[in-house]
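# coords please:
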Amino acid sequence: MIGTTLGPLMVRRTGTGAPAFLWHSLFVDSQTFDGVVEELGRHRELFLVDGPGHGDSPGPRRRYSLEDCATAAAQVLDALDVSAPVDWVGNAWGGHVGIVFAHMFPSRCRTLTTIGTPPYPLTRAERLQTVPLVYLYRVLGPALFSGAIVEALAGRGAAKTSPAAAAAVGDAFRRGDKHGKYWAMQSIMLHRPDLRPVLPLLQVPTLTLVGRDDSMNDPGKAERAARSVPDGRFARVTGAGHVAPLLVAPREVTQHVLDFWSDTRHRQAAA
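All right, here's what the predicted structure looks like:
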């Protein structure tokens with residue numbers, strides 16, 4: 001457990017090599033990276049964080065920003081004496097934090113990979129639909145909403161087509177601190193800013209991965225956003241929800257990430 005301005009954050013440390021920092025999606029936790037940890041850990045020392053209110057990290061009882069999350073990540077690295085720039089791998093929420101981290105701390109970020117990370121905020125209609133559900137979650141807890149979260153993050157019909165993925169999302173959603181997760185929903189979902197203006201300012205090589213069938217992340221918008229990064233690249237991967245690629249196609253995701261790291265290293269060496 002590492003103390004930060006967002007409270008103590010649980011961090012797992014594994015693998016060998018240069019540092020890589022992994023931050024998961026809203027509603028789940030760092031265990032959703034388990035399918036990529038072994039192979040990525042052969043090439044990097046991985047730091048896997050449970051975001052505030054998720055997994056074993058309690059989270060604050062107040063609203064906070066993506067800048068606060070990025071600052072907390074820097075505090076984790078400081079506490080663990082990690083001074084070398086990191087390869088950031090973020091899923092949905094983790095990708096949002098990674099964009100802000102790379103912008104705030106460019107010298108601390110070697111590369112940025114986002115997976116299932118729409119850079120635009122909820123529409124007004126989506127927000128009006130979501131606000132009552134967030135408040136109901138605060139009162140009733142996760143049981144009533146597990147099915148909807150599984151459908152959103154693992155894909156429609158995942159309980160039948162990908163039962164292991166559906167179970168992983170459902171279990172992760174039920175874990176964690178209910179009140180901390182409520183404030184994460186308020187902060188990261190309902191009040192998420194539009195990050196598209198930040199993308200052209202990024203100074204780090206950036207890979208955007210989007211699930212081919214992710215209904216909550218329009219592939220055309222996602223590709224246009226990815227191409228707005230000066231050193232940006234874009235690829236579609238198997239999956240029907242923000243988290244699904246990590247659960248149903250971990251080898252595919254891993255290969256994209258490793259190829260990106262290798263290509264970046266070779267280009268930087270040539271320069």
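# and residue 41, backbone torsions?
Taking degrees, to the nearest 10, you get phi -70, psi -10 for the backbone angles of residue 41.
# can you pull the contacts of it?
14-16 (CB atoms under 8 Å, 6 or more residues apart in numbering). From N, CA and C alone the C-beta is placed, and that goes for glycine too.
# go again using 10 Å as the cut-off
The contact partners of residue 41, taken as CB atoms under 10 Å, 6 or more residues apart in numbering, are 14-17, 20, 48.
# Local confidence estimate at it?
On the pLDDT scale, residue 41 is placed at 98.
# Roughly how far does it sit from residue 12?
Using CB to CB, to the nearest Å, one gets 11 Å for the distance from residue 41 to residue 12.
# who touches both of the two?
When contacts are counted by CB under 10 Å, 6+ apart, residue 41 and residue 12 are jointly contacted by residue 48.
# So which elements touch the longest helix seen in the chain?
If you go by DSSP state H, the chain has its longest helix at helix 250-270. Where contact means 3 or more CB pairs under 10 Å, 6 or more residues apart in numbering; DSSP states H and E, helix 250-270 is packed against strand 18-23, helix 34-40, strand 44-49, strand 86-91, strand 109-115, strand 206-211, strand 232-237, helix 244-248.
# Could you look up the next helix or strand downstream of the third one?
Okay, so that is strand 44-49. Along the chain past strand 44-49, the next helix or strand (assigned with DSSP states H and E) turns out to be helix 66-79.
# quick one: that following helix to chain centroid distance?
Counting by CA atoms, centre = their mean, to the nearest Å, helix 66-79 is centred 14 Å from the centre of its parent chain.
# Need the buried ones from the contacts of residue 41 selected in ChimeraX.
With 16 or more other CB atoms under 10 Å as the burial test, the buried ones among the contacts of residue 41 are selected in ChimeraX as follows:
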select :15,20,48
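# Adding distance to residue 229 and pLDDT, write the contacts of residue 41 out as JSON lines.
What follows is the contacts of residue 41, written out as JSON lines (distance: CB to CB, whole Å; pLDDT from 0 to 100):
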{"residue": "14", "distance to residue 229": "29", "pLDDT": "98"}
{"residue": "15", "distance to residue 229": "27", "pLDDT": "98"}
{"residue": "16", "distance to residue 229": "29", "pLDDT": "96"}
{"residue": "17", "distance to residue 229": "25", "pLDDT": "97"}
{"residue": "20", "distance to residue 229": "19", "pLDDT": "98"}
{"residue": "48", "distance to residue 229": "24", "pLDDT": "98"}
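# Out of the contacts of residue 41, which comes closest to residue 26?
Relative to residue 26, the closest of these is residue 48; by CB to CB it sits at 15.9 Å.
# Tell me who's in contact with that closest one.
The contact partners of residue 48, by CB under 10 Å, 6+ apart, come to 10-15, 20-24, 29-34, 37, 41, 55, 89, 94.
# again, but for residue 66
Counted by CB under 10 Å, 6+ apart, residue 66 has contacts 93, 96-101, 103-104, 187-188, 191-193, 195, 198.
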